[in-house]
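K.L.:
3D model of this:
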Amino acid sequence: MEFIAQIQSLTAIAIGIIIGLGALGACLGIAIMGAKFLESAARQPELVPMLQGRMFLLAGLIDAAFIIGVAIALYLATGNPLIGEITSRLTTGG
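P.N.:
Next up is the predicted model:
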């Protein structure tokens, strides 16, 4: 049964890495995009409405990648398929 404890502990570490790096990447992506938007808006103010729509679209796409990572992490936290595989192999002896 120590295999299950090892799988749970390594899964917890993996979940932390998935969420942490995903959040870091999303924050950096949105920060860089926002800086470039403000820079381009200062250069050509007449393009702000078009650029603003594209910026919000890209912000949603950047956040979507992070939310997908969170969903995968929640799946691993609640219904870990690795534990089911190990317990089935331990009970069948194979």
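
K.L.:
hey, let's count contacts and neighbours off CA atoms from now on
P.N.:
OK.

K.L.:
following whatever helix or strand residue 61 lives in, which helix or strand comes up?
P.N.:
Secondary structure assignment for residue 61, by DSSP states H and E: helix 48-78. Moving toward the C-terminus from helix 48-78, the next helix or strand (DSSP H and E) is helix 81-92.

K.L.:
in the protein, what spans have low per-residue confidence?
P.N.:
Across the chain, the ranges flagged by pLDDT under 70 are 1, 94.

K.L.:
Which neighbouring elements make contact with the longest helix seen in the chain?
P.N.:
Longest helix of the chain, by residue count under DSSP state H: helix 2-43. Packed against helix 2-43, as judged by 3 or more Cα pairs under 8 Å, 6 or more residues apart in numbering; DSSP states H and E, are the following elements: helix 48-78, helix 81-92.

K.L.:
what angle sits between the shortest one and helix 48-78?
P.N.:
If I follow you right, that is helix 81-92. 20 degrees (axes from the mean of the first three to the mean of the last three Cα atoms, to 10 degrees).

K.L.:
Put the alpha carbons of helix 81-92 into PDB.
P.N.:
Extracted in PDB, the C-alpha atoms of helix 81-92 (Å, rounded to 0.1, in the frame of the first residue of the first chain):
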ATOM      1  CA  PRO A  81      -6.400   6.900 -12.900                       C
ATOM      2  CA  LEU A  82      -3.000   5.700 -11.600                       C
ATOM      3  CA  ILE A  83      -4.400   4.600  -8.300                       C
ATOM      4  CA  GLY A  84      -7.100   2.600  -9.900                       C
ATOM      5  CA  GLU A  85      -4.500   0.800 -12.100                       C
ATOM      6  CA  ILE A  86      -2.200   0.000  -9.200                       C
ATOM      7  CA  THR A  87      -5.100  -1.300  -7.000                       C
ATOM      8  CA  SER A  88      -6.400  -3.500  -9.800                       C
ATOM      9  CA  ARG A  89      -2.900  -5.000 -10.400                       C
ATOM     10  CA  LEU A  90      -2.500  -5.600  -6.700                       C
ATOM     11  CA  THR A  91      -5.800  -7.300  -6.300                       C
ATOM     12  CA  THR A  92      -5.400  -9.500  -9.400                       C
END
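
K.L.:
Right, I'll leave it there.
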